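Participant: Below is the sequence, then the predicted model.
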There are 2 protein chains.
Amino acid sequence: MTKQVHTTEESTKVFKALADPIRLEIIRYLNKLDHEVSCGEVGQAMAISKTSGSYHFKILQEAGLITAHKVAREKYVALDRSTFDQYLTHFWQNL
Amino acid sequence: MTKQVHTTEESTKVFKALADPIRLEIIRYLNKLDHEVSCGEVGQAMAISKTSGSYHFKILQEAGLITAHKVAREKYVALDRSTFDQYLTHFWQNL
DNA sequence: TAAATAGTTCAAAATAATTTGAACTATTTT
DNA sequence: AAAATAGTTCAAATTATTTTGAACTATTTA
C-alpha cells in the first residue's frame, strides 16, 4: 500500500546481491525450507567454506534480502520477502 | 500461462545485467518513453561514450532485457517486458 | 579449564566487469 | 567520391568482486 520508490544505488545493491550463482542457490534453499536456518547448515548444503559463506551472507544482508539473528554462537538467517517484493515483484511500480 | 523455470546461469545473467547503475538508468529511460529509441539517443541521455553504450546494450540484449533491430545505420532498442516479468515480477514462481 | 564449534575479519591473490581510445564496417549526406 | 554519422570490435588499463587461509571472538562441550 505504501509507495516505495528506489534510488539507483539501492536497486543496484539488491541486483548485485542477486547476481551471483551461490547467492541465488542460497535464496532457493531458504525459499524451499521457508524457515530460519543457521548459516552453517546453508553453507554445508552449498558446499562452500565458512569464510565464503560469511561473505555471501553479508552481501545478502546488506541488500536487505535476508534477516539474521544470533542465538548463542549460531546465526540464523531467513529470507526477507518484503525486499524481494519491493524490488522484484513490484519492479515496475518502484522503478 | 506457460511454466517457466530458470537455471542459475540464466538468472545470474539477468541479475548481472540489472546490477549496474548505467543499465538501470537505461531501463528507466526506455520504460518512461515506452517505445523504440535509437542507441545514440539513449547514450546521449545517459551522457556516456558510444563505446560504453555499445557495451551496455550488448549486456542488456544478451540477458534478453531489450530487443533491438537495425534500421539503416541506427540500432533501435526497446524493453522486452516478458523477460522482466519472468525474472522479476514472477520471481517466486520461476525461482 | 581445555578443546571444539560457529562465525567474523583481514589482507593477499585470483577472477570478473567496466572504461577507454583507436581502428573498423556500414550507411547516409554533401 | 569524400566526409559525416551510427554503431561495433579489440586490447589495454582500471576498478570491482570473489576466494582463500590465517588469526580472531564468542560460546559450548568434554
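Facilitator: Yep, it's here. What you see is a predicted model, and the numbers here were worked out from it, not measured in a lab.

Participant: Name the residue of chain A that lies nearest to DNA strand D.
Facilitator: Taking C-beta to the nearest atom of the strand, DNA strand D has its nearest neighbour within chain A at residue A:72, 2.7 Å off. To be clear about C-beta, it is placed using only N, CA and C from the backbone, and glycine gets the same treatment.

Participant: for residue A:29, helix, strand, or coil?
Facilitator: helix (DSSP: H, G, I helix; E, B strand; the rest coil).

Participant: for chain A, which spans come out with low pLDDT?
Facilitator: Within chain A, no range satisfies pLDDT under 70.

Participant: what sits against the residue of it most remote from its centre?
Facilitator: Here chain A reaches farthest from its C-alpha mean at residue A:1, the gap being 22.9 Å by C-alpha atoms, centre = their mean. Shown in contact with residue A:1 (C-beta atoms under 8 Å, 6 or more residues apart in numbering or on different chains): no residues.

Participant: buried ones in stretch A:17-36?
Facilitator: A:17, A:18, A:19, A:20, A:22, A:23, A:24, A:25, A:26, A:27, A:30, A:36 (16 or more other C-beta atoms under 10 Å in any protein chain shown).

Participant: Could I get the full set of strands for chain A?
Facilitator: For chain A, the strands defined by DSSP state E occupy A:37-38, A:66-71, A:74-79.

Participant: Of those, which stretch is the most buried?
Facilitator: Most buried of the strands of chain A by mean neighbour count (mean count of other C-beta atoms under 10 Å in any protein chain shown) is strand A:74-79; its value is a mean of 18.

Participant: what helices or strands is that strand leaning on?
Facilitator: Other helices and strands packing on strand A:74-79, by 3 or more C-beta pairs under 8 Å, 6 or more residues apart in numbering or on different chains; DSSP states H and E, are helix A:21-33, strand A:37-38, helix A:39-46, helix A:50-62, strand A:66-71.

Participant: can you tell which of these is closest to residue A:10?
Facilitator: Closest to residue A:10 of the helices and strands packed on strand A:74-79, according to C-beta to C-beta: helix A:50-62, at 11.0 Å.

Participant: State the distance from whichever residue of chain A sits closest to DNA strand C to residue A:77.
Facilitator: Among the residues of chain A, residue A:40 lies closest to DNA strand C, at 2.4 Å counting by C-beta to the nearest atom of the strand. Plainly put, residue A:40 is 10 Å away from residue A:77 if you go by C-beta to C-beta, to the nearest Å.

Participant: and what of residue A:53?
Facilitator: For residue A:53, the distance to residue A:77 - C-beta to C-beta - is 10 Å.

Participant: contacting residues for residue A:92?
Facilitator: So residue A:92 contacts B:31, B:84, B:89 (C-beta under 8 Å, 6+ apart).

Participant: Also residue A:67?
Facilitator: A:61, A:77, A:78, A:79, A:80.

Participant: now with 10 Å?
Facilitator: A:36, A:60, A:61, A:76, A:77, A:78, A:79, A:80, A:81, A:82, A:83 (C-beta atoms under 10 Å, 6 or more residues apart in numbering or on different chains).
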